[in-house]
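In: Sequence plus the predicted model coming up.
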Amino acid sequence: MKKFTSVKDVANIYDLVNDALVLKRNPLGYNEIGKNKTLGLIFMNPSLRTRLSTQKAAVNLGMDVMVMNIDKEGWALETRDGVIMNGTTVEHIREAAAVMGQYFDILGLRSFPNLKNREEDYNEDILQKFITYSGLPVISLESGTLHPLQSLTDLITIEELKTVKRPKVVLTWAPHVKALPQAVPNSFAEWMSAAEVDFVITHPEGYELDPAYTNGATIIYNQDEALQHADFIYVKNWSSYHQYGQVLTQDPSWLLTNKRLEITNNARIMHCLPVRRDLELSSEILDGPASLVIHQAANRVWAAQTVLKKMLETNYPFAS
Amino acid sequence: MKKFTSVKDVANIYDLVNDALVLKRNPLGYNEIGKNKTLGLIFMNPSLRTRLSTQKAAVNLGMDVMVMNIDKEGWALETRDGVIMNGTTVEHIREAAAVMGQYFDILGLRSFPNLKNREEDYNEDILQKFITYSGLPVISLESGTLHPLQSLTDLITIEELKTVKRPKVVLTWAPHVKALPQAVPNSFAEWMSAAEVDFVITHPEGYELDPAYTNGATIIYNQDEALQHADFIYVKNWSSYHQYGQVLTQDPSWLLTNKRLEITNNARIMHCLPVRRDLELSSEILDGPASLVIHQAANRVWAAQTVLKKMLETNYPFAS
Amino acid sequence: MKKFTSVKDVANIYDLVNDALVLKRNPLGYNEIGKNKTLGLIFMNPSLRTRLSTQKAAVNLGMDVMVMNIDKEGWALETRDGVIMNGTTVEHIREAAAVMGQYFDILGLRSFPNLKNREEDYNEDILQKFITYSGLPVISLESGTLHPLQSLTDLITIEELKTVKRPKVVLTWAPHVKALPQAVPNSFAEWMSAAEVDFVITHPEGYELDPAYTNGATIIYNQDEALQHADFIYVKNWSSYHQYGQVLTQDPSWLLTNKRLEITNNARIMHCLPVRRDLELSSEILDGPASLVIHQAANRVWAAQTVLKKMLETNYPFAS
């Protein structure tokens, strides 16, 4: 595995899930495989879970980790070609990425969309240029359009806890006051479409995701209808894809409560966090037995560790 | 030891002092005890000594350390329950702490008082919620009201250097231009009241500390009277507890000089640092032989290492 | 070696180059020499290459590394003596440095000039005080006037790639929109003057560097004349030394292109990075075969590792 940026980079998603569950039972079973290898974690936006869980995963494999919040500790990068750099950008991504390629063995990168220019965001310009110019194996720590480590975590969680062979999984939009990226729902849709589940998406009209990711999923605009008999409900806000980056509604009737869950099959509730309580998801659900949000966060370690292990084995086969 | 937030969490303070002095002589004597254990250091406010000394202490025990300046690298946490999170806070402390509980084995937390609402600060809401929701052994790296690692350091320093069995220790207020927390003086008072010393506090009227911490101490408003025959003088500014968070005076006559020390028993001068020269404490004292401030800073490592070692032994007895 | 702040701290520069080339072939050959030793990296200004390469170098030697961006994670330091600290500075450099001296075994420091007061910058007040008050072996990670790790890197690069015994090396000024320090060109001049090369400097009139560093170098104001038969060209902008900190011209005719290189001896092009494309240096050169900028960046690891190894051997001879 040379890159982990989408479900398309994975040969068999259930192989990864199985590897993750083995690591979960025995976190230090491969603690020599990353010895003398350096993981660089570059954040262009804040992170809590992703940073800490990936750092932990790398340490479990014996790797050295260097974390850089480049937006705060570094300087603005130029990403466009053919411009005279006489403005505010201090270094071109061509040099910055190539230099990191000299110091790291694997690069983890978090870049965010600007939510203004859809084509620019969906081109994944920054991520692609880091891949090209660093020459390194690259793990997306969430990009403009996808968050594959989160989705792998979610699949691990569903596999661990499902009570039927083919569970019904519902992705539901939730209200929010800010315009949020589509990366988590795009990514979840992409992975669930590849998984052995019945996958349904529900959201207000106008919140349709990019069909490139939801292809094959059932879309139902009536939330109650969508939730019926659900085994897992993934709650997430996102801004509009078609009216790009806009907040079309904050309709509070989309907020889930325990009462609303009665029509489900004792559904477990998932969210990638951070979650805004009683805006996106009710406290009574978050604090109750149906919530899996902390379980998901814990599984972030095993998702990251699985991907790092695979990358070490593929790219540095004689590492240990 | 499940938490270290106050002298009340310590069974016998002199056991800790003795352990610290053993570690000081042999820093790497237990360098396997923390192997494969992760210390998370979460700062909600800047830190120099606390961060570096605690990091060093953890490394001496073989631990992995993850440092996060959550105020800068993360986002604003909501601490109140029952609010709809439609404002500027991005994540609730319930989730943030619970997630950290999945990644860390011990949590160190620095939180500061806002110095506006005394009840809120003295409730130690943030610290208590991190303890509750993380489920982890927690070390205070200074909280709204106390700074126990500093006080343990101070006790170690006094024990190392005392020349009489029961020294006279004076805590004296000093001038400052800003409103500072009461955490260091509260904590020092709490620990000195439990120690085998004669403890005196001196400050201008209106600067009385919370009696919950000064209980048993002699309070003398005349600084010269208080300093007589002192063996150790602890210099520190704090803002008013009763007129909460206010600077009542900046009276420069409270600034200590060599001349003023002549009435003491060759007193050694202590300060937790950072210190504002010639405002809080005179340069001639700081640069002279009476000053212990760097010695104290050095002892921060052994204080932190002692507490971490105790926590590892108590909570992860089969760790190594 | 107790400090590494200038070529003057080095007994024999080619011994260092040879050591670096040995480490480059065998990065982990001395991975026990720094065991249980702590490198503190203190940045008063942003850094990418210096921080990551020095961290990597230290880890290759088995050291523990603590990074602190003191401008962002700490507070403002007072550097002047004899002032009452009632302003915005929170801690005096005397205490801050002395405290670091208790926690670190080697200190790396990046401080920048303010480019306003030349005497202040060229006194290297901050660097000298960190050396004095920390009591530690100190490595400059770029100071107000010099950047010796960069210059050692550059000498290593020239030694590796030279095709004649005594190459012609040209340092050329390049245009920029901001006022940049003279540290890199001062330092390069200082090291090249000590190296077995023919060294020429070219820049517009008014950009003469401090003669203390350029002593012995040929200065030619006509860039084309200077570049003739060059084997290595070092491109760098700097602000005026004589009209201190001023940008006297942004004349784009100083920008190098492939066409301009035809008069050279197939010169290789060097730059310390970050570089502003098509302002300081043309994209066609940066993306072409003549560019050594990424090679230089890679060599930063071996330069830092060589200096750290020498410091460990000198100051902690029984470390391993």
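Out: Nice, thanks for sending it over. Numbering: from 1, shown residues only, chains lettered A, B, ... in the order given.
In: Tell me which helix or strand comes right after the one helix or strand A:Leu152 maps to.
Out: Per DSSP states H and E, A:Leu152 falls inside helix A:148-161. Downstream of helix A:148-161, the next assigned helix or strand under DSSP H and E is strand A:168-173.
In: Quick one: work out the angle between the longest helix along chain A and helix A:148-161.
Out: As assigned by DSSP state H, the longest helix anywhere in chain A is helix A:293-315. Interaxial angle of helix A:293-315 relative to helix A:148-161 (axes from the mean of the first three to the mean of the last three C-alpha atoms, to 10 degrees): 120 degrees.
In: if you look at helix A:293-315, does any of it touch chain B?
Out: Yes - looking at helix A:293-315 against chain B by C-beta under 8 Å from any C-beta of the partner chain, the contacts come from A:Val293, A:Ile294, A:Ala297, A:Ala298, A:Val301. Quick note: C-beta positions are derived from backbone N, CA and C, even for glycine.
In: Considering those residues, which possesses the most neighbours?
Out: Greatest neighbour count in these, by other C-beta atoms under 10 Å in any protein chain shown, goes to A:Ala297: 27 neighbours.
In: The residue nearest to that residue when sequence neighbours are not counted: neighbour count?
Out: Leaving aside its sequence neighbours, A:Ala297 sits nearest to B:Val99 (C-beta to C-beta, 6 or more residues apart in numbering or on different chains; 4.3 Å). Applying other C-beta under 10 Å, we find 25 residues neighbouring B:Val99.
In: what's near enough to touch B:Val99?
Out: A:Leu48, A:Arg49, A:Leu52, A:Leu273, A:Ile294, A:Ala297, A:Ala298 (C-beta atoms under 8 Å, 6 or more residues apart in numbering or on different chains).
In: A:Val90: which of those residues is nearest?
Out: A:Leu48 (27.0 Å; C-beta to C-beta).
In: thinking that closest one is in contact with B:Glu91, fair?
Out: Yes - A:Leu48 lies in contact with B:Glu91 (C-beta atoms under 8 Å); the separation is 7.4 Å.
In: Overlap in contacts, those two.
Out: Counting by C-beta under 8 Å, 6+ apart, the common neighbours of A:Leu48 and B:Glu91 are A:Pro274, B:Gly74, B:Trp75.
In: doesn't A:Leu48 make contact with the second one?
Out: Yes - the criterion here is C-beta under 8 Å, and B:Gly74 meets it with A:Leu48 at 5.1 Å.
In: Neighbour count for these two, which is higher?
Out: Under the criterion of other C-beta under 10 Å, the comparison of B:Gly74 against A:Leu48 puts A:Leu48 first, with 24 against 19.
In: what touches both of B:Gly74 and A:Leu48?
Out: If you check B:Gly74 and A:Leu48 against C-beta under 8 Å, 6+ apart, the residues they both contact are B:Met68, B:Glu91.
In: List the buried residues in stretch A:151-165.
Out: Of all the residues in stretch A:151-165, those buried under the rule 16 or more other C-beta atoms under 10 Å in any protein chain shown are A:Ser151, A:Leu152, A:Thr153, A:Asp154, A:Leu155, A:Ile156, A:Thr157, A:Ile158, A:Glu159, A:Lys162.
In: now those in TSV, with pLDDT and distance to A:Leu248?
Out: Putting the buried residues of stretch A:151-165 into TSV (pLDDT from 0 to 100; distance: C-beta to C-beta, whole Å) gives the following:
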residue	pLDDT	distance to A:Leu248
A:Ser151	98	25
A:Leu152	98	30
A:Thr153	98	29
A:Asp154	98	25
A:Leu155	98	29
A:Ile156	98	33
A:Thr157	98	30
A:Ile158	98	29
A:Glu159	98	34
A:Lys162	98	33
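In: near chain C, anything from the one helix or strand A:Leu52 maps to?
Out: Secondary-structure assignment from DSSP H and E places A:Leu52 in helix A:49-60. No - using C-beta under 8 Å from any C-beta, helix A:49-60 stays clear of chain C, coming no nearer than 12.9 Å.
In: Does that helix reach chain B?
Out: Yes - judged by C-beta under 8 Å from any C-beta, helix A:49-60 comes into contact with chain B at A:Arg49, A:Arg51, A:Leu52, A:Ser53, A:Gln55, A:Lys56, A:Val59.
In: what packs against that helix?
Out: Helix A:49-60 sits against strand A:38-43, strand A:64-69, helix A:293-315, strand B:38-43, strand B:64-69, helix B:93-103, with contacts defined as 3 or more C-beta pairs under 8 Å, 6 or more residues apart in numbering or on different chains; DSSP states H and E.
In: send the alpha carbons of that helix over as PDB?
Out: The C-alpha trace of helix A:49-60 is given here as PDB (Å, rounded to 0.1, in the frame of the first residue of the first chain):
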ATOM      1  CA  ARG A  49      -8.500  12.300  17.900                       C
ATOM      2  CA  THR A  50      -6.600  11.900  14.600                       C
ATOM      3  CA  ARG A  51      -3.400  13.200  15.900                       C
ATOM      4  CA  LEU A  52      -3.400  11.400  19.300                       C
ATOM      5  CA  SER A  53      -4.600   8.100  17.900                       C
ATOM      6  CA  THR A  54      -2.200   8.000  15.000                       C
ATOM      7  CA  GLN A  55       0.700   9.000  17.200                       C
ATOM      8  CA  LYS A  56      -0.300   6.200  19.600                       C
ATOM      9  CA  ALA A  57      -0.600   3.700  16.700                       C
ATOM     10  CA  ALA A  58       2.900   4.600  15.400                       C
ATOM     11  CA  VAL A  59       4.400   4.300  18.900                       C
ATOM     12  CA  ASN A  60       2.800   0.900  19.200                       C
END
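In: what residues does it touch?
Out: Helix A:49-60 has contacts (C-beta under 8 Å, 6+ apart) with A:23, A:27-28, A:30-31, A:34, A:39, A:41, A:43, A:64-65, A:67, A:108, A:110, A:139, A:141-142, A:149, A:273, A:297, A:300-305, A:308, B:38, B:40, B:64, B:66, B:68, B:73, B:99-100, B:102-103.
In: Return the distance of it from the chain's centre.
Out: Put simply, helix A:49-60 sits 14 Å off its chain's centre (C-alpha atoms, centre = their mean, to the nearest Å).
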